[in-house]
Structure formats: structure tokens, C-alpha cells
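1. Model the following, please.
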Amino acid sequence: MSRTYKATGINLKSQALGESDRIVTILTREFGLIRAVAPGSRKHNSSLGGRSGMFVVNELLIAKGRSLDKITQAQTLKTYPGLAKDLGKLSAGQYLAEIVLCQALSEQPQEELYELFNEHLHRLEALPSTETFGIYAHLAHGVFHLLALAGLTPQVQVCCLTQQPLRPDLKDPNWQVGFSIPAGGMVSLDAWERLRREGRIGTDRENSKLTQLPNHPITESPQISSYQTVAHRQEIPVISGRLSATELAMFQQLSQPEIMQINAAKDDGWLSVEQILRQYAQYHLGRPIRSATLIDSYFAANHDATV
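-> The predicted structure is shown next:
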């Protein structure tokens with residue numbers, strides 16, 4: 001078996017090793033996620049220096065090792081210089097990279113994930129720097145598509161409780177819909193309130209049965225009746241957030257291949273959409289998205305500058 005192999009991949013993460021090396025985590029088309037040493041890449045005149053940077057796409061020749069493989073050759077195919085020049089875009093790219101790191105598998109092809117990640121990096125880079133909220137729109141779009149690829153898409157077109165279509169009333173400024181992370185998506189607030197009332201009524205009836213028998217100890221029969229009542233009662237989902245009609249319309253657009261601009265340069269509704277998607281992603285990934293703090297700092301600084 002050959003001790004070397006070729007792969008095409010994009011750098012997602014790097015860390016220092018020894019005095020002059022780096023360990024680079026790479027998403028490759030052919031072999032999924034790999035970790036390899038870039039020897040001497042921290043030296044000033046190293047040919048691997050720039051090629052081991054964040055979001056650099058290389059054609060690689062890699063030698064197998066006992067614990068870590070080693071990059072022996074690298075030819076750069078693509079870079080994203082526009083991300084490095086804009087803190088907001090760079091932070092959004094790192095945010096998406098964290099999700100990819102959680103989803104990517106090793107030792108098997110990940111071509112679809114590789115192509116999707118590169119596509120969203122390209123869209124972020126091409127976004128005009130003046131469109132601050134456009135970064136949130138494109139970030140939300142990327143997160144939604146990565147979740148969809150993993151089979152974790154939140155339900156946004158129909159209510160999770162009733163399975164009835166949700167149609168936002170853009171003319172009503174008070175129209176709202178709920179989002180439940182445990183339930184997996186959008187929840188009609190009318191249906192949720194109705195379920196909550198029915199649950200309260202069911203509890204009251206159950207309690208009344210027990211209070212109607214003051215002279216009798218609670219025997220096996222009432223316990224069985226109480227158990228059966230609870231078992232058939234539908235669980236009331238927790239509402240994680242409430243969205244306006246415009247925000248629901250934004251959510252429903254995320255399933256499309258291209259993001260439609262709804263005042264992306266000015267409308268901070270994308271901020272609410274991203275916040276809810278962030279909570280949803282963290283819930284399913286089982287870990288916080290650390291790069292999200294950079295996005296928050298970027299938005300706070302730009303918001304203060306424009307107020």
C-alpha cells in the first residue's frame with residue numbers, strides 16, 4: 001500500500017506544533033476531515049507558510065504517519081482574501097467552519113459538504129462591505145444549508161404541532177409565530193395556547209377527582225387513572241423565541257438556493273433569525289459556537305457606529 005496519497009482540501013483550523021511546524025485540520029473531498037503536520041510552515045521563508053493559512057484550498061500530497069500524516073507538497077488552488085480584509089466576513093466564515101468541523105466525517109468522501117462550504121465562503125466574500133446586515137443574512141443562509149445537509153433542518157413552512165402551513169401576515173405588525181427548539185421548528189401560537197389551556201384543564205380535572213374522595217385513601221385504582229391521563233396528554237413544547245411576520249418570511253427563504261434580499265443592508269431582522277438558528281444549532285451540535293462571540297462584537301461595534 002502506498003505511503004502517500006493525494007487530496008484536495010480547504011484548511012479549517014491550525015495550531016502550532018514545536019518551534020516551526022503547524023497541525024492543520026483540513027476538509028478534503030476525497031477523505032473527509034484529516035489532520036496533518038505542515039513541517040516548517042511557521043518559518044519566514046517556508047513554502048507551506050501561506051498554504052497552511054485559514055480557508056486556503058490546496059491540492060496536497062500527504063505522507064502517512066504513525067500518529068499524524070505529513071504534508072509533503074501543496075499547490076494552492078484558491079484563497080479567500082476578501083474574508084481576511086473584513087472582520088465581519090472573517091468571523092462569519094469561522095462560524096461556518098466550526099459547524100463544518102462538528103459535521104465532517106473522517107476517512108470517507110465529503111464532497112457535498114466541501115462544495116457547500118466553499119460556495120457559502122464565496123458568497124460571503126462577494127458581499128459588499130457596506131451591507132452589514134447582509135453578513136447576517138448570508139451567515140443564516142449558510143447555517144441553514146449546513147443543518148439541512150446533516151438532516152437537522154428546522155421546520156419553518158408548517159407548524160410543528162398542527163402540521164398546517166404557516167403564512168406570515170406581513171400587513172399585521174402584531175402578527176407573531178413561536179419557535180421551539182425541542183419541537184424542531186415553528187409553532188403556531190394559537191395552537192400552542194390551545195394546547196396549554198387543554199393541558200391546564202386536564203390537570204384541574206385530575207386534581208378534582210382526587211379531592212372528591214376525602215374519606216378514602218388513594219388506592220391503586222386512582223393511581224392507574226391518573227397515570228393514564230398523563231400518558232395520553234400531549235407535551236407542551238417550550239417556546240424558545242417569537243418571530244414577526246417578516247422574520248418568519250426570512251426563515252422560509254433560507255431553504256432556497258439563493259438568499260433573497262429583504263432590506264439586507266438595513267433590516268436587523270436577520271439578527272433575530274441568526275440568534276435563533278444559533279441556539280438551534282448549538283442544541284443539536286451539543287456545544288457552543290465560539291466564533292459567535294466575534295459576530296456579536298462586530299455587530300455591536302457597527303451598530304454603535306451607525307447610531
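2. Specify the beta-bridge partners of residue 8.
-> residue 59 (DSSP bridges).
3. Let me see the ranges of the helices in the stretch 101-250 of the chain.
-> Secondary structure of the stretch 101-250 of the chain (DSSP state H, counting those that start in this stretch): helices at 111-126, 132-149, 189-211, 220-231, 245-253.
4. Return the member of those having the minimum mean pLDDT.
-> Mean pLDDT is lowest for helix 220-231 among those, at a mean of 42.
5. Please give me every residue in contact with residue 74.
-> Going by C-beta atoms under 8 Å, 6 or more residues apart in numbering, residue 74 touches 38, 47, 48, 51, 52, 58, 59, 60, 61. The way it works is simple: take the backbone N, C-alpha and C, and place the C-beta from them, glycine included.
6. mind redoing it with 7 Å?
-> Going by C-beta atoms under 7 Å, 6 or more residues apart in numbering, residue 74 touches 48, 51, 58, 60.
7. what secondary structure does it sit in?
-> At residue 74 the chain is in strand, as set by DSSP: H, G, I helix; E, B strand; the rest coil.
8. What's the separation between it and residue 57?
-> According to C-beta to C-beta, to the nearest Å, residue 74 stands 10 Å off from residue 57.
9. Also residue 186?
-> Residue 186 is 37 Å from residue 57, by C-beta to C-beta.
10. Compare the two (neighbour count), which wins?
-> More crowded of residue 186 and residue 57, by other C-beta atoms under 10 Å: residue 186, with 23 against 20.
11. Next one, pLDDT for the more buried one please.
-> 98.
12. Next: residue 276.
-> Residue 276 is assigned a pLDDT of 96 by the prediction.
13. Next, the angle from the strand or helix carrying it to helix 245-253.
-> For residue 276, the host element (DSSP states H and E) is helix 269-285. For helix 269-285 against helix 245-253, the angle by axes from the mean of the first three to the mean of the last three C-alpha atoms, to 10 degrees is 50 degrees.
14. Determine the set of other helices and strands touching helix 269-285.
-> Contact here means 3 or more C-beta pairs under 7 Å, 6 or more residues apart in numbering; DSSP states H and E; on that basis helix 269-285 packs against helix 132-149, helix 245-253.
15. tilt between that helix and helix 132-149?
-> Using the same axes, to 10 degrees: helix 269-285 against helix 132-149 is 30 degrees.
16. Enumerate the positions of helix 269-285 that are buried.
-> Buried residues in helix 269-285, counted by 16 or more other C-beta atoms under 10 Å: 269-278, 280-282, 284-285.
17. do the same with stretch 171-191
-> Across stretch 171-191, burial judged by 16+ other C-beta under 10 Å covers 175, 177, 178, 179, 180, 181, 183, 184, 185, 186, 187, 188.
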